[in-house]
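Visitor: next input, structure requested:
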Amino acid sequence: MKRVVLIGLDPATVDFSGPALPQGMTAEKIHAGVKLALADFAARGWHAQNCFINPDKTAVPTVERCLAGHVYDCVVIGAGLRLPPSRLVLFEAVVNAIHRAAPQAAIAFNTRPEVSGAAAARWV
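Guide: I've put the predicted structure just below:
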């Protein structure tokens, strides 16, 4: 069975007013999108989990804990982490943590939570 993890910012920590994020995005929409993504992963026959991180010094250790103990086929990184220019250093730190903790995993990127299955499917 393929294993996939979706990593993104905890919606409670996101500034939705930024122009880099999709217009009209809200914490509720992210939660709903993650729920759809997890259902999509399951429908594809994949074991999946979600890993919300905070945009602070706990981000990398949280990613490392999420990835520990399992071999993942793909790690999907959410748009809220990679799109805003202000998140560049955090995004790099997370990508490097993934590379160290899951070197065999493909890395995919979504544009919205609900398209995470399609993002992972490009590489699984």
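Visitor: from now on I want contacts and neighbour counts done on CA atoms only, so please keep to that.
Guide: Fine.
Visitor: tell me which other helices or strands the lowest-mean-pLDDT helix or strand in the chain touches.
Guide: In the chain, no helix or strand scores lower on mean pLDDT, DSSP states H and E than helix 79-82, which sits at a mean of 91. On a contact count with 3 or more Cα pairs under 8 Å, 6 or more residues apart in numbering; DSSP states H and E, helix 79-82 meets strand 3-9, helix 88-101.
Visitor: which residues does it contact?
Guide: Gly8, Leu9, Val14, Leu21, Arg87, Leu88, Leu90, Phe91, Phe109, Asn110, Thr111, Arg112 (Cα atoms under 8 Å, 6 or more residues apart in numbering).
Visitor: which parts of stretch 20-36 are buried?
Guide: Leu21, Met25, Thr26, Ile30, Gly33, Val34, Leu36 (16 or more other Cα atoms under 10 Å).
Visitor: out of the contacts of helix 79-82, which comes closest to Val75?
Guide: Using Cα to Cα, Phe109 comes nearest to Val75 of these, at 8.4 Å.
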